[in-house]
Every structure is written in structure tokens, then in C-alpha cells.
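A.B. asks: Based on what follows, work out the 3D shape:
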Amino acid sequence: MLFPEKMTEITILTTEDYLRPISDYLMKFGEFEVKPVRTKDAAKLTKLSKGKDTDNERFSNLKTRLDRLSVNMGIDEKTIKSTLNERETLSFDEIDARLSKIENRFYYNHSLLEELEKEEVELRLRKLKYQIRENIKARNLPKEFFVAIIVVAKYETQPVIKNLSTLPSVVEEVEAFGDLSVILVSLPQAYKNEVLKLSTSFLKLIDISEVLKETIDIEQVERKLREVEIEKKKMKSIIEKIRETDTEEILTLYKGLWFVNSSLKIKSSSIRGGKLILFSGWIPAKHKEEVSRKITEITDGISVIETNDAEKIHRQDKQVVIPTKLNNPKQLSSFESLVKLYAIPRFYEVDPTIIFAFLYVLFYGMMFGDVGQGLALSLVSALLFWKFKGFRVVSGLGIAVGISAAIFGFLYGSVFGIEEKIIPAMWTSPLHDVLKLMKVSIAIGFIVISVGLILNIINTSREGNIPKLLLSSKGISGLIFYTSLIGYPIYLIIFGGTFNVTIMLLGVGIPILLFVVESVIESVKHHHKVSPVTVFFELFEVFISFVSNTISFIRIAGFALNHTALMITFFSIANVISGTTIGDIIGFFVIVFGQIFIIGFEGFIVGIQALRLSFYEFFTKFFRGGGKVFEPVK
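C.D. replies: Numbers count the residues shown, from 1 in each chain. So this is what the prediction gives:
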């Protein structure tokens, strides 16, 4: 748990016939990250395959077809996304055959529906022509007027009406059906050309003079329209049934496509020669025997399997990127997310999640110590955690820090900002003993920074960098320097005792000499000139950073006092206002607002400060980062 999980590189040489069952197993296993085959391993194949691999093209084609069909069938994007983490063991040919069946069935019926819809539009238009013609005959419209029926797309209706209204005309929308709208326009013949100029935005322009010449059997049109509507209703019912029966099949095909895509990752990172295929990847070291045995079974022994531990590969080649798989309980997932926000530890580095979780909760509780407000924060966070999955990282933190704040509330004797009246302080009160809290804050700072230096010693040791381990300001010399310069005085302040000059001189002087030696070694290593001024300022920076980083922890006491002072302010305002009925009511709301403000706004600020102490004062002492997250194919 204190270190990422140990990783092993596994390289498999077998025949291409076994790629699919091996891919299926590795995806179900869920702990295999594919990686490009190392150049030296390619020598195991005498003849490398050349030529175009069409698998990626087939995947893209099938994905496009599935997406198009899903849109036409009205399958929403959320439903499709829900399949992303699921897999169905299907091949390209199986997906293609099953998809073709659905496409043929759906598109055939859909094309029939489109034909019926076109026919319906034509029949409705004929019926409308008849109605308009009869209306115009009844009105006896003068020949000097140009009358036209205009068909436009529905979304174009208002812009077209607006343009026509700029002319001396009478414009009205007479009917709308489907995605179409029918407009009737009447205006003097002199403006006919103006209407024709606008006709590029029309789907259809019908001169009423042509309509007057037509012979329309309205009874036949209406009878045919009823028949088309009945057929259209039947066809919609058939298509709806296809949607109901085939939606699940389409989602299965998506799952099959994700399986093939994962398999492609393995194939595209492999090297092939003749019928042989060579591929490799990373797996947790604890599973190497199990995976090797299973692949041997799948291939009937027709395979060569080689495993190499990550540490060995790293010693041979520092450039190889080895993935990091953090190994923490689910309860620490919120804190792990924050660690990843800072950086991903390299595979050999200390994983600070569990230490960070403890320190973050401790810092927050000390700065926000209150039983009532802490429990309220924890309760609200638990509700968010239960109701909203997207807030689980933040709400998980809220539950933990809320409980910590409540515990420190008992230690401070604080309940909703009321100190030592409802419950007594089990330890100390920030309001009445600030000096004590400041001493404890500084002591915590010393311990935290010392732990950071110890973790850096562990990291440097695992990295194998002996000079930095012994001489660096963040190595063994740095720990001795910091303990002597800061730790020894803090010990004397808290516990008392006589100051020993020899301890201070040796504890500070010897590390300074070693820092100078390291600076000289680094300058020679990088072919830089050794400058006394540069060395002096480097030493001065080490001194200043250690002192300032330790003093920074006083903010714990400062925010604990600030938390109490803020609540006293709201109580004071409420006391000034109260005295009358209205004043008492307003005072009550002031206190309620104060509680909400402190839980929300100050709780957020305290969270940022706890994060700053963890990231800047603690992580910078040892956390290098630069790792890559373990991403297994699934």
C-alpha cells in the first residue's frame, strides 16, 4: 500500500491463430496493459510481415455504420456510452453479418416509409391546391394580381414571411405538415419578379394560374390520402417493433466492437512473421505465474512466454516507461484522486496516498474543529455521495474531514461555534490557549517535513542514486541538518532543557560541508564552473526553505482561531440586533446564515489550506512524479 504494485513485463510468441482466444482471456483478466514490442525482441522472428493491415479500416467502417444506424433508430448516446466498459467476444465477420441483417430490415422498411411520406406530401399539396383554387374562384381575384403557393422547410417559414412582407403583399401560412410549411402570397403582377428572385430559398413555387388550369378529383385525392395515412401508420408500427427488438442487438454489436478494438491494440503493437506473432505488455507481478499458465493452456503449449520484472528492465534501460498501478483500498479513492492531481508516482516511488489521507484529515480537523459544523458537513457530504455519483471524490473527502472536524470539536469543546459551554474542552481551546496550539502546529510541521525527507531517502535509495542519498539537502545530510537546525530548538521549546552548542554546530556544520561537496560534484558532472557565490545562495535557499516551510504550519493554529473568531462575530451581531420580536427573528437568521457561511465558504478555504500544506510543504520534499498510469485493456 505504501508502494505501487510491482509490475512484470510479459512477452508472448505464438501463432496468429491463437491471438483471438488470448486477447479474449487478457481482456477478461483485466490486468494487462499492451505495450510495443522492444526492438531486441523482434530478433526472435526471422521474417517480419509487411503490407497493409485492414483491421483498423474495418473497425472504422463498422463503427460508422453502427453509429448511423443508431441515430436513425433513435438510440440515445447515453445508452451507447453505457456499453463502453462491457465486452462481447465477437469477430469482425460476426459483427458485419449481424449488422447487415438489421440494416437490411430497418433501411428497407424505412425507405418504404419515406416513399409514403413523399406521397402524403404530394397528396396534401394537391388537396391544398384544390382548396385554394376554390377559395380564389369564390373571391374573383383580379388578373392584375400574382398569387403563388410557396412550400418551404418549417425552420425557414418566418424568414421567408419576413422577406415577402417587405413587398406590398398579403402573406399567410395556410398549412404545415411534416417538416414543411405552405405559404400563400398575393401581390400586384409588377412585383412578380421580386418574388421569383427570392425563390432560391423555396422548396417549391406554384403559380396559382397553373393551379386554376388543373383538374383535381378531390374525392380520389382524399381517398388516396386516407389509404396512405393507414399504410404509413402500419409502417411506423413495423419500424417501432424493429427498434424494440433490435436495440439490444445493436448494443451487443457495440460491445463486440469494443472487444475487437481492444484486441486491435494488442495486434497493432505486435510484430508478425509468417504465421507467428510476438506481443508484450505489463501485468501485476503477483499474476505472472497464473497468466503464463493460462496462456500455455490456451495455445496448447505452442507458445514461448518470457517474463521480466520492472526493476530489472529499469536497471537495463532507464528510458523504458513502466506503468504505475496504485494499490490502495477503495476507501482512499478520493485521496488517491488528489494525489494523481498533483502527479503520478513512478513505479519505484513511495505512494503517498495513505500518509496524505491521514495528514489532510488531520490538518482540516485542527483548522475546522467543531462538533456541530463537522457533523453537518459530513452528513451533507454523505447525502451527496449517495445521490450523485459524479460528486463522489469531493463528497468522499467531505465525509472524512467532517468526522475529523467533529473529533477536534470535542477536543476544543466547540459545538456550532459555542466554546466550552455545551461540552468542556477535552484538550485545549484555540481561543484561550493560542500559544499552545502554535507550538503543536510547529511541532507537526517539523514531523511532516521530516517524514517527507525520510520518504525522499527511500525513493533515492530505490532509484540507486548514492551521491544524492548521502549528500543532498533532501537526503540523509538534509535530514540531519533539518533535525539539528529546527528539530532540536523545537524540542527545547516544548520539553525544556539546556541548549548544547556542540550538537548544533556538528548537526548543522557537517551537512553544510556535504552540501558544498554535492554542489561541486554536480557542477563537474554538468561541466559548469564552480562558483562560490552560487554555492552560497544554494545553501541560503536550503536554510530559508526549511525555516519558512516549518513556520508555514502556524496557519493551522491561525485558522483554528479564525474559525472561532468568525462564529463569535456572528453571535455578536445577533446579540446587538435581538431584544425585540423582529430583532430576535433577524438575529436567529444571522446565526443560521453564519453557520451555513462557515460550513460552506470557510470549509472550502480550510480545504485549500490543508491541500497547500500537503502539496507544497510535504510533497515537494520527496515526490518526483512523472509516472504513467497503468491502463489495462478490458
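A.B. asks: mind checking the SS state of Glu88?
C.D. replies: Assigned state for Glu88: coil (three-state reduction, DSSP: H, G, I helix; E, B strand; the rest coil).
A.B. asks: ok, the residue lying closest to it once chain neighbours are set aside to Pro632 distance?
C.D. replies: By the measure of CB to CB, 6 or more residues apart in numbering, the closest residue to Glu88 outside its immediate chain neighbours is Lys255, 3.8 Å from it. Yep, even glycine has a C-beta here, placed from its N, CA and C like the rest. Per CB to CB, to the nearest Å, Lys255 is found 17 Å from Pro632.
A.B. asks: In the stretch 1-150 of the chain, where is pLDDT below threshold?
C.D. replies: 38-53, 137-143 (pLDDT under 70).
A.B. asks: ok, which stretches of it are helices?
C.D. replies: 19-29, 55-73, 77-81, 92-139 (DSSP state H, counting those that start in this stretch).
A.B. asks: Dump these into JSON lines; add mean neighbour count as well.
C.D. replies: Rendered in JSON lines, the data for the helices of the stretch 1-150 of the chain read as follows (neighbours: other CB atoms under 10 Å):
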{"stretch": "helix 19-29", "mean neighbour count": "18"}
{"stretch": "helix 55-73", "mean neighbour count": "15"}
{"stretch": "helix 77-81", "mean neighbour count": "11"}
{"stretch": "helix 92-139", "mean neighbour count": "15"}
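A.B. asks: Please produce JSON lines containing the ones you listed, extended by distance to Ile493.
C.D. replies: Written out in JSON lines, the entries for those read as follows (distance: least, CB to CB, whole Å):
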{"stretch": "helix 19-29", "distance to Ile493": "57"}
{"stretch": "helix 55-73", "distance to Ile493": "68"}
{"stretch": "helix 77-81", "distance to Ile493": "59"}
{"stretch": "helix 92-139", "distance to Ile493": "73"}
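A.B. asks: For Lys275, find the nearest of these.
C.D. replies: helix 19-29 (10.7 Å; CB to CB).
A.B. asks: Extract the C-alpha trace of that closest one and format it as PDB.
C.D. replies: Backbone C-alpha positions of helix 19-29 (Å, rounded to 0.1, in the frame of the first residue of the first chain) are rendered in PDB as follows:
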ATOM      1  CA  LEU A  19      -4.400 -14.200 -31.000                       C
ATOM      2  CA  ARG A  20      -8.200 -14.100 -30.500                       C
ATOM      3  CA  PRO A  21      -8.600 -16.500 -27.600                       C
ATOM      4  CA  ILE A  22      -5.500 -15.000 -25.900                       C
ATOM      5  CA  SER A  23      -7.000 -11.500 -26.400                       C
ATOM      6  CA  ASP A  24     -10.300 -12.600 -25.000                       C
ATOM      7  CA  TYR A  25      -8.600 -14.000 -21.900                       C
ATOM      8  CA  LEU A  26      -6.400 -11.000 -21.300                       C
ATOM      9  CA  MET A  27      -9.400  -8.600 -21.600                       C
ATOM     10  CA  LYS A  28     -11.500 -10.700 -19.200                       C
ATOM     11  CA  PHE A  29      -8.400 -10.900 -16.900                       C
END
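A.B. asks: What is that helix packed up against?
C.D. replies: Applying 3 or more CB pairs under 8 Å, 6 or more residues apart in numbering; DSSP states H and E, we find helix 19-29 packed against helix 218-268, helix 288-298.
A.B. asks: again, only this time at 6 Å
C.D. replies: In this structure, helix 19-29 makes packing contacts with helix 218-268, judged by 3 or more CB pairs under 6 Å, 6 or more residues apart in numbering; DSSP states H and E.
A.B. asks: Give me the distance from the helix it packs on to the chain's centre.
C.D. replies: Once both centres are worked out by CA atoms, centre = their mean, to the nearest Å, helix 218-268 turns out to sit 33 Å from its chain's centre.
A.B. asks: And the next helix or strand past that helix?
C.D. replies: strand 271-273 (DSSP states H and E).
A.B. asks: which parts of that following strand are buried?
C.D. replies: Neighbour counts over strand 271-273 (16 or more other CB atoms under 10 Å) mark Ile271, Arg272, Gly273 as buried.
A.B. asks: How about stretch 411-424?
C.D. replies: By neighbour count on 16+ other CB under 10 Å, the buried set for stretch 411-424 is Leu411, Tyr412, Gly413, Ser414, Val415, Phe416, Gly417, Ile418, Glu419.
A.B. asks: Same check on stretch 80-88?
C.D. replies: Residues of stretch 80-88 classed as buried by neighbour count (16+ other CB under 10 Å): Thr83, Arg87, Glu88.
A.B. asks: Identify, from the residues you listed, the entry nearest to Thr11.
C.D. replies: The shortest distance between Thr11 and any of the buried residues of stretch 80-88, using CB to CB, involves Arg87 and amounts to 23.9 Å.
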